[in-house]
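Q: Can you look at this prediction? I've put the sequence above it.
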Amino acid sequence: MLVWRSIVPNIQFSRGNFFKHLPASTPTSICCPCNIISTGTLFTTRALRSSYFESLTSHQKDQVHLYVDTLLQWNQRMNLTAVTEVNEVMERHIEDSLAIIPPMRSSYASHCNDSVDSINLVDVGSGAGLPGLILAIACPDWKVTLLESMNKRCVFLENAIGLAGLSNVRVVRGRAENLGQDLCFREKFDVAVARAVAEMRILAEYCLPLVRVGGLFVAAKGHDPQEEVKNAERAIQMMGSSLLQLCSVESHSPYGQRTAIICLKDRPTPRKYPRDPGIPAKAPL
């Protein structure tokens with residue numbers, strides 16, 4: 001199992017402790033049989049219905065169950081999720097989080113000129129660890145940073161990481177606007193992901209300054225994000241990126257599917273971005 005250790009000055013973060021009694025997990029390859037439709041340079045794909053959870057190893061499944069149990073226990077005293085039943089968490093959170101792995105791996109392998117087995121990923125606005133903590137379980141060779149601004153959520157994340165025995169995850173407490181200007185984080189990640197954080201115009205400014213040139217920004221969105229994507233095209237381009245793919249994946253959401261919006265960063269983000277904390281949300285590009 002990959003063990004990741006790093007020290008970042010002037011930033012508060014914590015990392016899960018490795019439980020030595022847990023056996024080492026092995027990487028899991030989740031295939032994505034997709035039908036691809038080309039419209040100019042933008043590709044739209046639809047993933048066939050499957051259970052991504054069932055493709056995990058038994059050890060990874062145990063880690064997911066430990067996480068879900070911890071999430072629901074902590075949710076009784078702090079607001080982490082509106083979903084309160086185990087089956088709903090598995091269907092609407094775990095499967096949704098795992099569903100973005102196949103299109104992300106496929107796009108990364110095709111466009112990023114690097115191995116998909118050693119991705120350095122940041123989950124922006126991680127909240128309860130969705131999708132970042134689940135990605136860390138499913139892809140144990142990845143380095144995963146959970147970026148969260150609220151201290152109580154960071155405490156939960158550290159606890160969940162420790163219980164799951166993960167050593168490839170760190171929790172960083174801070175705002176994306178600040179870390180995007182910090183040279184320890186700016187353009188240091190291969191992939192930035194975000195789920196249920198903000199609209200695309202805002203997410204582009206949060207996430208893309210953290211992504212290296214040649215890396216990906218992946219946003220997990222609802223069943224019909226076309227208008228939101230269109231409104232965000234200018235912001236995405238201003239951050240040095242371009243739309244690469246919209247991948248529709250089966251989901252237990254009310255509409256039966258969700259969309260992974262994938263952007264490729266092809267040039268550096270201008271130094272003035274991201275703007276000061278709060279400005280991207282108040283005045284989207």
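A: Great, that's in hand.
Q: does Arg212 count as helix, strand or coil?
A: Counting by DSSP: H, G, I helix; E, B strand; the rest coil, the backbone at Arg212 sits in strand.
Q: Can you show me the strands along the stretch 1-150 of the chain?
A: Here the stretch 1-150 of the chain has its strands, by DSSP state E, counting those that start in this stretch, at 12-15, 34-39, 42-47, 120-124, 143-148.
Q: Pick out the shakiest of those strands, pLDDT-wise.
A: With a mean of 35, strand 34-39 has the lowest mean pLDDT of these.
Q: what residues does the host helix or strand of Ala235 touch?
A: Assigned by DSSP states H and E, Ala235 belongs to helix 226-238. With contact meaning CB atoms under 8 Å, 6 or more residues apart in numbering, helix 226-238 is reached by 199-201, 203-205, 208, 221, 242-243, 246, 261, 263, 270, 273, 284-285. For glycine as for every other residue, the C-beta is placed from the backbone atoms N, C-alpha and C.
Q: Going by neighbour count, which of the residues you listed are buried?
A: 199-201, 203-205, 208, 221, 243, 246, 261, 263, 273, 284-285 (16 or more other CB atoms under 10 Å).
Q: Now flag whichever of these is closest to Phe185.
A: Leu208 (12.5 Å; CB to CB).
Q: quick one: the closest one is in a helix?
A: Yes - judged by three-state DSSP, Leu208 forms part of a helix.
Q: That one touches Leu264, doesn't it?
A: No - with contact defined as CB atoms under 8 Å, Leu208 does not count as touching Leu264 (10.4 Å).
Q: Overlap in contacts, the two.
A: Counting by CB under 8 Å, 6+ apart, the residues touching both Leu208 and Leu264 are Ser241.
Q: hang on, Cys247 in a helix?
A: No - applying three-state DSSP, one finds Cys247 to be strand, outside a helix.
Q: distance of the residue lying closest to it once chain neighbours are set aside from Val197?
A: Using CB to CB, 6 or more residues apart in numbering and skipping residues adjacent in sequence, the residue nearest Cys247 is Pro103, 3.7 Å away. Here the distance between Pro103 and Val197 works out to 19 Å (CB to CB, to the nearest Å).
Q: Look at those two and report which has more neighbours.
A: Using other CB atoms under 10 Å as the criterion, Pro103 and Val197 rank with Pro103 on top: 26 against 18.
Q: per-residue confidence for that one?
A: 92.
Q: Same question for Gly222.
A: 82.
Q: which residue packs closest to Tyr108, ignoring adjacent ones?
A: Nearest residue to Tyr108, sequence neighbours excluded (CB to CB, 6+ apart): Val116, at 5.1 Å.
Q: what's around the one you found, how many residues?
A: Residue neighbour count, defined by other CB under 10 Å, stands at 21 for Val116.
Q: repeat for the one 3 residues further on
A: Other residues lying near Ile119 total 22 when counted by other CB under 10 Å.
Q: same question, Leu183
A: Residues within reach of Leu183, counting by other CB under 10 Å, total 7.
Q: Could you check the pLDDT of it?
A: pLDDT, read off for Leu183, is 97.
Q: swap in Pro23?
A: We have a pLDDT of 33 for Pro23.
Q: Also Glu158?
A: The confidence metric pLDDT takes the value 97 at Glu158.
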